[in-house]
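In: Okay, predicted coordinates and the sequence, questions at the end:
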Amino acid sequence: MTKQMSEGQRAYEAKRAAKAGVSLDKWMAQKERDRKQEERAREEAAKPPPPPKKPGFFARLLEKAQKPF
């Protein structure tokens, strides 16, 4: 993380890293990666869906063929 952690926060994260079986540096890097991935997913979800595609040539032909005279 870019901000400094207090001694208590550092001890807490060290315990969690030990429980997961990784070093504190790896643990913090993994947390940062997860945070960025979650942020990207949130941004993707916020994007509006793409506009619907125009029906293709054959779809339009079939649609015209199904209409009554």
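Out: Perfect, thanks for sending it. Numbers count the residues shown, from 1 in each chain.
In: At the geometric centre of this structure, which residue sits there?
Out: residue 41 (2.3 Å; CA atoms, centre = their mean).
In: any chance you could read off phi and psi for that one?
Out: Phi and psi for residue 41, reported as degrees, to the nearest 10, are phi -60, psi -40.
In: Can you name every helix or strand that the worst-scoring helix or strand of the chain on mean pLDDT contacts?
Out: Every helix and strand of the chain was ranked by mean pLDDT, DSSP states H and E. The lowest is helix 57-66, at a mean of 90. Of the remaining helices and strands, none touches helix 57-66 by 3 or more CB pairs under 8 Å, 6 or more residues apart in numbering; DSSP states H and E. Every C-beta, even on glycine, is put in place using the N, C-alpha and C of the backbone.
In: what separates it from the chain centre, distance-wise?
Out: Centre-to-centre, helix 57-66 and its host chain are 39 Å apart (CA atoms, centre = their mean, to the nearest Å).
In: Please, which helix or strand holds residue 55?
Out: For residue 55, there is no enclosing helix or strand under DSSP states H and E.
In: What number of residues are in the vicinity of the closest residue to it other than its chain neighbours?
Out: The shortest distance from residue 55 to any non-neighbouring residue, by CB to CB, 6 or more residues apart in numbering, is to residue 63 (7.0 Å). For residue 63, the tally of surrounding residues (other CB atoms under 10 Å) stands at 10.
In: the helices in the protein, which residues?
Out: Per DSSP state H, the chain carries helices over the ranges 7-20, 24-46, 57-66.
In: what does stretch 57-67 rub up against?
Out: Residues from elsewhere that reach stretch 57-67, judged by CB atoms under 8 Å, 6 or more residues apart in numbering: residue 55.
In: Oh, that last question was meant for stretch 22-37, not what I typed.
Out: 1, 10, 13-14, 16-17, 20.
In: Apply 7 Å and report the result again.
Out: Stretch 22-37 has contacts (CB atoms under 7 Å, 6 or more residues apart in numbering) with 1, 13-14, 16-17, 20.
In: Buried ones among these?
Out: Buried residues within those, counting neighbours by 16 or more other CB atoms under 10 Å: 13, 17.
In: Fine by me, thanks again.
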